[in-house]
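Take this sequence and fold it.
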Amino acid sequence: MNLLVCSTLVFGQPDRNLERDKAANTQSTKRIALVIGNGAYTGAPTLKNPPNDARDMAATLKGLGFEVTSGIDVKQRDFKKLIREFGQKLKAGGSGLFYYAGHGVQSKGRNYLIPIDAEVMSEADVEDTGVDLSLILNYMDDAANGLNIVILDACRNNPFAKSFRLATGGLAQVDAPTGTLIAYATAPGTVASDGADQNGLYTSELLKQMQVPGQSATDMFIRVRAEVMRKTAGRQVPWESSSLGAFYFSAPAAPKSEPDINETVVAKDPAAIEREGWSYIKDSKDPNDFRDFLKDFPSGANANNAKIKLEQATWDSVKESKNKALIHAYMEEFSDGVNRPLAKIKLRQLGEAVTDSAVAVNSRDLSVTGNFVGHIQDKANNQPIAGARVVFTNLESNAMVTAVADPGGNFAKDSLKPGSYKIEVSADGYVLRETKQKLYAADTYTVLPDPFELERVPPETGTSRKDFYGIDLVYIPPGQFTMGSNKFPDEKPIRKVTIKDGFWIGKFEVTQEQYQKVMGTNPSYFKDCPRCPVQNVSWMDATAFVKKLNAANDGFQYSLPSEAQWEYAARGDATAALDQTTWYKDNSGGKTHPVGEKKPNLFGLYDMSGNVWEWVQDIYNGNGYFGLPTDGSPNLKIGISTLRVARGGGFGSLGRDTSSDRRHMMRSAERDANFGFRVAARIK
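Numbering: from 1, shown residues only. Have a look, this model is predicted:
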């Protein structure tokens, strides 16, 4: 199998781009393309797909209004001549696009495109018989024509590897001018699947998405990446480095003046919904997933499977514990569970002679008392809560006794009769919690969970306060919501997510003024706007900002929001019209705007959609949300750690791509004119 590697798109200098975006995207603007596909090599393995890719790309670009010059199986002399002629055309103005498919190699950090007549016997021959990528980039830069695109479908395995002292797969990262967009079919220095069809996998998806009306280049890459990752099961991860404004291969389609009265919408079959829900949780290790499934589908086709999985998952969660109360709780919930014999063995190992929990209780001398002990602490900072009150109520006699936690947060209550108890734990300024638990004779049981954590009484929803640096923070309460969508593979599956803990989040995106105050610099392209969101920041820049905030030790523990926290907060209001809440392609004028000028959502948050894409903590998983946390915490395990998620859309996005479920990703060290962030926090 041939290996096809990184396709690279390089967009011209940002200052020119941002000034000429509008002109570059009108169909009347001159568009010039050079397309080359090499496959009939004489000194290297022949390639089947590149000539096909080049022909199809040329045809597609002509249909999109480009003036196309093409070459198939081109020798070095003709290759350079075509590039020179292309450079001369660019000087007359217009947008330029260069496409190449064929062999490409890197040598000593430089990238070379290989003509069909190249004879490479040693690494030194590459410079002599190849075509240096910098040649085309220099012609584009010299033309100063505004917007240029380079597409390289050229990162195959090095066909001359045996002739190189240090053979490296794929192309090197392109050294393009400052402020360009670089997009790879896979990460630099790696290889990608060629595919078995007429076109290479990445190019075939590129050809489809280029023709979607009204889709910006940034949004196009999102869709191409999602499809490539889906078809390769995440083995091939397209990669981008972006600093451009909006560019559209296909102009936006005119909106429909009337709805389609012939459209028929068919509701999902309940049985199909049950089957889909089961597919989401069938491999889960969390007992609560199966409990929730049985609540939603008590008589479903998979109800019995869920009961079996629930029993096993519950046993797996307690079998390593040394707390006898957990083992008893399992035995009481599953009176005929297949793991009961193992539970009895576990109790005997813990010093309790028992053949069955019910027999054990009935055979004991109930006049012999038992003991409860425990430790109470603050959930946010893990500090003990001195003076916390623990009230034990016997559910049979209603007898009530109280214990008080010592300065270390510890309490003990002995001489309690065996039986079932309601245990209420409270402290001044904290939310009361209760649990139910059985006490057995002549044993000491730890009140569960251990430690027993209390939450502070939360602020009212939407409460706002300023931090040390003047950043406005808004309190978001705990809750449950449905996360994801069926629009794209990386947004599936739709699942319930529970935000267990309330949190604080920035009322606005971090502004240039705030970033300058904390970091001492302003990397934004649209400067001289202190209240505009900071942009052109990488994920690593955002986390460095957070680290500086935490160094102030102002009572908050800062972070980027998790992806779940961000989407939960963004869904605070779905009723307002898009233009009332969002700066996007149709109303932004190709630039960012001061924060807070649009309508806030119901949580009181501004610009959760549009203005800039916002970095979150999470690692990007191209397989969607399968296996990711459902408790609001970030995904820090599954996927490639250098690929991070951004949410919300930016000033150059289509309206549909500013929705709360839309995802984007980029390498953590890359900066982009469309990217900024807001912070999250909890009270220490």
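
Residue 596 against residue 508, yeah?
Yes - with contact defined as Cβ atoms under 8 Å, residue 596 counts as touching residue 508 (5.7 Å). Quick note: C-beta positions are derived from backbone N, CA and C, even for glycine.

Neighbour count: these two, which is higher?
Legend: neighbour count by other Cβ atoms under 10 Å for residue 596 and residue 508, higher for residue 508 (21 against 15).

Could I get the full set of helices for the stretch 251-400 of the chain?
In the stretch 251-400 of the chain, the helices defined using DSSP state H, counting those that start in this stretch lie at 270-281, 287-296, 303-318, 324-333, 340-349, 357-363.

Deepest in the core, which of those helices is it.
Ranked by average neighbour count under the criterion mean count of other Cβ atoms under 10 Å, the helices of the stretch 251-400 of the chain are headed by helix 324-333 at a mean of 20.

Now do it: which elements does it pack against?
helix 303-318, helix 340-349, helix 357-363, strand 433-439, strand 444-446 (3 or more Cβ pairs under 8 Å, 6 or more residues apart in numbering; DSSP states H and E).

Kindly reformat these as JSON lines and extend each row with distance to residue 410 and mean pLDDT.
Formatted as JSON lines, those follow (distance: least, Cβ to Cβ, whole Å; pLDDT from 0 to 100):
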{"stretch": "helix 303-318", "distance to residue 410": "24", "mean pLDDT": "90"}
{"stretch": "helix 340-349", "distance to residue 410": "25", "mean pLDDT": "85"}
{"stretch": "helix 357-363", "distance to residue 410": "28", "mean pLDDT": "40"}
{"stretch": "strand 433-439", "distance to residue 410": "17", "mean pLDDT": "87"}
{"stretch": "strand 444-446", "distance to residue 410": "11", "mean pLDDT": "78"}
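
right, and residue 347 touches residue 327 too?
Yes - with contact defined as Cβ under 8 Å, residue 347 counts as touching residue 327 (5.5 Å).

Where does the record place the domain boundaries for the protein?
3-241, 270-363, 370-454, 464-683 (automatic domain parsing).

Restrict stretch 54-63 to CA atoms and write it as CSV.
In CSV, the C-alpha atoms belonging to stretch 54-63 read as follows (Å, rounded to 0.1, in the frame of the first residue of the first chain):
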residue,chain,number,x,y,z
ALA,A,54,-4.6,16.7,-9.8
ARG,A,55,-7.2,16.2,-12.6
ASP,A,56,-10.1,16.2,-10.1
MET,A,57,-8.7,19.2,-8.3
ALA,A,58,-8.3,21.2,-11.5
ALA,A,59,-11.9,20.4,-12.5
THR,A,60,-13.2,21.4,-9.1
LEU,A,61,-11.3,24.6,-9.0
LYS,A,62,-12.5,25.6,-12.5
GLY,A,63,-16.0,25.1,-11.3
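
Could you give the average pLDDT over that stretch?
Mean pLDDT, stretch 54-63: 92.

If you count neighbours, what's buried in that stretch?
Across stretch 54-63, burial judged by 16 or more other Cβ atoms under 10 Å covers 54-58, 60-61.

Strands along the stretch 1-150 of the chain, start to end?
3-5, 7-11, 31-37, 67-72, 95-101, 104-107, 110-113, 131-132, 148-153 (DSSP state E, counting those that start in this stretch).

Thank you kindly, that will do.
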